[in-house]
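Participant: Test case, fold it:
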Amino acid sequence: MDIFNAIIQGTLQGLTEFLPVSSSGHLTLSQHILGIKGNNLFFDVMLHIGTLIAVLAVYYKLVIRLIVAFFQILRAIVTRKFQWKKTDYDQRLVIMLIVGLLPLFFLFLPVPGTNMNIKDFVEQWSNSGNIFIVGCSLIATSILLTVGLRISKGKDSEKQLKKQYNIIDSICVGFMQLLAAILPGLSRSGSTLSVGLMRGIDKQTALDYSFVLGIPAILAAAAVELKDVMSLDSFSVDILPVIIGMVVSAVVGFISIKLFKWLLKTDKMYIFILYTLILGIATLIIDMIEKSKGINIFTNAIL
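Facilitator: Next up is the predicted model:
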């Protein structure tokens, strides 16, 4: 991999990981257009680390508070002094984040009659290059954003928005994150934000929860990919493009989070609603044309 491609992929990762446009969907589309089969796993790990650095740079104060709150909860449980009514905001947020992460464990359930789990099937699905799924999921992202923002706007006028998540809110967001992990093209940040808004959560609170909830998800993705890299008999890597790609993904990711927060605050989310809708429709049209011709119209490869 050369430096130019590393910069392009780092930029794409940093933008699509946090903006509500789906990183998995854009990855599938870019691979389809360029005729790329598979990824450089080690490079993917470093890009994930770059985006993890970005979200930690934005939310480091909150993350430190949550770590402290987590150990306070552990101490209270060990000493048998834990009481829900005595928990503060940070401690309750830690518990709600844990609840929101629980649905992801469904990915590791075994599939009867096979030696694979649901995660293995998801990876096969994502790597199949089926852009029809991506197109439908991008349109679903647009619809979810539209519905979530309309509900939030209606409740905002009535001063009914919540500043804290409850268990039901967290479970709903957690299952949406699970769907986003399964469907390439369904934005994780966009869909989890939308569900939070549908549940009556304040916009900035919903966005912050979505990003912080993504920290363990990004870390887990990097860990799984690193495990896959270590299982290879051998691999070679040009360290300079890898480092550049990671740095670019971190810088672009940081800017993307700040941009997302500003666009949400200033009610300019229609940009992402229109973008995902148009890209989704265009993807479905391309899929129809390719299936009628039996070839990839970008590479002329037989489908």
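
Participant: Run a quick neighbour tally on Ile257.
Facilitator: Neighbour count of Ile257, defined by other CB atoms under 10 Å: 23. All C-beta atoms are positioned from the backbone trio N, CA, C, and that covers glycine.

Participant: Kindly apply the preceding question to Asp228 instead.
Facilitator: 14.

Participant: which element is it on?
Facilitator: Taking DSSP states H and E as the criterion, the element that holds Asp228 is helix 203-231.

Participant: got the residue ranges for the helices in the stretch 101-250 of the chain?
Facilitator: Per DSSP state H, counting those that start in this stretch, the stretch 101-250 of the chain carries helices over the ranges 118-126, 131-156, 167-182, 188-198, 203-231, 239-265.

Participant: of all those helices, which gets the most neighbours per residue?
Facilitator: Mean neighbours per residue, mean count of other CB atoms under 10 Å, is largest over the helices of the stretch 101-250 of the chain for helix 188-198, with a mean of 27.

Participant: which other helices and strands contact that one?
Facilitator: On a contact count with 3 or more CB pairs under 8 Å, 6 or more residues apart in numbering; DSSP states H and E, helix 188-198 meets helix 131-156, helix 167-182, helix 203-231.

Participant: and Ile278, which of the ones you listed is closest to it?
Facilitator: Ile278 lies closest to helix 131-156 among the helices and strands packed on helix 188-198, at 8.6 Å (CB to CB).

Participant: on that earlier part again, Phe108: which of the helices of the stretch 101-250 of the chain is closest?
Facilitator: Of the helices of the stretch 101-250 of the chain, nearest to Phe108 by CB to CB is helix 118-126, at 6.0 Å.

Participant: Does Thr276 touch Ser191 like I think?
Facilitator: No. In this structure, Thr276 is not within contact of Ser191 by CB atoms under 8 Å, at 10.7 Å.

Participant: what do the two both touch?
Facilitator: Pro20, Thr141 (CB atoms under 8 Å, 6 or more residues apart in numbering).

Participant: what residue ranges in the stretch 51-200 of the chain score low on pLDDT?
Facilitator: Where the stretch 51-200 of the chain drops to pLDDT under 70, the residues are 125-129, 156-159.

Participant: can you rerun that using 90?
Facilitator: The stretch 51-200 of the chain contains residues with pLDDT under 90 at 85, 105-130, 152-161, 163, 181-184.

Participant: thinking again about what came up before, to Thr11, which of the helices and strands packed on helix 188-198 lies closest?
Facilitator: Closest to Thr11 of the helices and strands packed on helix 188-198 is helix 203-231 (CB to CB; 17.2 Å).

Participant: That closest one - contacts with which helices or strands?
Facilitator: So helix 203-231, by 3+ CB pairs under 8 Å, 6+ apart, packs with helix 41-78, helix 89-101, helix 167-182, helix 188-198, helix 239-265.

Participant: hmm, 6 Å instead?
Facilitator: Helices and strands touching helix 203-231, by 3 or more CB pairs under 6 Å, 6 or more residues apart in numbering; DSSP states H and E, are helix 41-78, helix 89-101, helix 188-198.
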